[in-house]
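Engineer: Pasting a predicted model and its sequence here:
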Amino acid sequence: MLDREIERYVQAHTTPEESLLTELDRQTHLRVISPRMISGRVQGKTLEMLSRMIRPRYILEIGTFTGYSALCLAKGLSPDGKLHTFEVDDELEDLAAAFFKKSGCGHLIKQHIGSALEKAPELGLVFDLVFIDGDKREYTDYYRMLLDRGLVRSGSYILADNVLWYGKILDDVARNDRHTQNILAFNRMVQEDPRVENVILPLRDGMMLIRVL
Ligand SMILES: C[S@@+](CC[C@H](N)C(=O)[O-])C[C@H]1O[C@@H](n2cnc3c(N)ncnc32)[C@H](O)[C@@H]1O
């Protein structure tokens with residue numbers, strides 16, 4: 001969404017990522033289809049900072065991919081905390097697991113293979129921080145699961161990535177474009193929900209910050 005020069009300036013004025021994350025980014029580009037899905041340096045640092053501010057005990061992540069955002073979010077966990085991250089694609093499991101292990105905070109991260117929609121409620125946990133970064137066609141389902149099934153409490157934060165969806169939220173939406181349709185429905189649902197307050201950060205592809213009242 002940002003002008004390329006501005007993006008370069010933002011990169012140049014953001015703390016460099018640690019070498020493990022650079023290596024994970026490289027391996028993701030070498031070994032995985034759609035490497036662009038990785039959070040990357042600026043968003044990763046933002047996630048880390050937000051997590052450090054919140055100091056969550058339990059974090060839920062929907063969409064592990066190769067583990068970049070999980071590693072960033074885990075940095076803010078309280079000492080007795082745990083991050084539960086869900087991924088439907090089992091082919092990504094080993095790559096993410098190897099980097100969690102190398103990071104030294106692998107013991108704080110619990111990987112789950114399967115849909116967060118089915119499995120997250122089974123954990124019986126209430127999360128202080130949730131990062132929604134799964135299938136864009138399911139964002140409204142994730143939100144309903146979190147709010148209606150008691151996976152968050154008053155004071156919990158939810159971060160949702162890609163809510164500007166490459167600017168497509170402003171275009172006429174094709175009838176078969178379920179990704180854009182669901183992002184639009186999600187943004188509207190959050191905006192109209194009296195149980196939360198929210199703001200969209202125009203960071204990268206747009207990140208919605210939501211606080212449960
Ligand atoms: C944009 S990527 C996640 C990127 C990752 N958070 C990062 O920053 O590196 C989205 C991932 O969500 C996964 N996914 C899609 N639907 C899911 C679901 N219902 N539960 C868990 N993961 C899901 C996809 O397989 C894909 O790997």
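Structural biologist: On my side now, so go ahead. Note that the structure is predicted; figures quoted are calculated from it, not measured.

Engineer: Average pLDDT for stretch 107-122, rounded please.
Structural biologist: Taken as a whole, stretch 107-122 has a mean pLDDT of 98.

Engineer: Could you identify the helix or strand that succeeds the lengthiest strand in the chain?
Structural biologist: Of all the elements of type strand in the chain, the one with the most residues (DSSP state E) is strand 152-161. The C-terminal neighbour of strand 152-161 among helices and strands, as given by DSSP states H and E, is helix 178-191.

Engineer: contacting residues around that next one?
Structural biologist: Among residues not part of helix 178-191, those counted as contacts by C-beta atoms under 8 Å, 6 or more residues apart in numbering are 136-140, 143, 160, 162-163, 165, 168-169, 171, 173-174, 196, 198, 200, 208, 210. For glycine as for every other residue, the C-beta is placed from the backbone atoms N, C-alpha and C.

Engineer: redo that, cut-off 6 Å
Structural biologist: The list of residues contacting helix 178-191 from outside it, by C-beta atoms under 6 Å, 6 or more residues apart in numbering, reads Lys136, Arg137, Tyr139, Thr140, Val163, Trp165, Lys168, Ile169, Val173, Asn198, Ile210.

Engineer: Please spell out the PyMOL selection for the buried subset of these.
Structural biologist: To isolate the buried subset of these in PyMOL, counting by 16 or more other C-beta atoms under 10 Å, use the following:
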select buried, resi 136+139+140+163+165+168+169+173+210
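
Engineer: Would you check which pair of the contacts of helix 178-191 lies furthest apart?
Structural biologist: Val173 and Ile210 (22.8 Å; C-beta to C-beta).

Engineer: Under the pLDDT cut-off, which ranges of the chain? List them.
Structural biologist: Along the chain, the parts satisfying pLDDT under 70 run over 1-2.

Engineer: what about the strands in it?
Structural biologist: Going by DSSP E, the chain shows strands at 58-62, 82-87, 109-113, 127-132, 152-161, 196-201, 207-212.

Engineer: Which strands or helices does the last one pack on?
Structural biologist: Spelled out, that is strand 207-212. For strand 207-212, the elements it packs on are strand 152-161, strand 196-201, judged by 3 or more C-beta pairs under 6 Å, 6 or more residues apart in numbering; DSSP states H and E.

Engineer: Show me the contact partners of that strand.
Structural biologist: Contacting residues not belonging to strand 207-212 are listed as 152, 154, 156-161, 163, 190, 196-201 [C-beta under 6 Å, 6+ apart].

Engineer: Check whether Tyr157 really touches Leu129, as I assumed.
Structural biologist: Yes - with contacts counted by C-beta atoms under 6 Å, Tyr157 reaches Leu129, the gap being 5.1 Å.

Engineer: re earlier: pairing partners for the longest strand of the chain, with directions?
Structural biologist: Each strand paired with strand 152-161, and its direction, by DSSP bridges: strand 127-132 (parallel), strand 207-212 (antiparallel).
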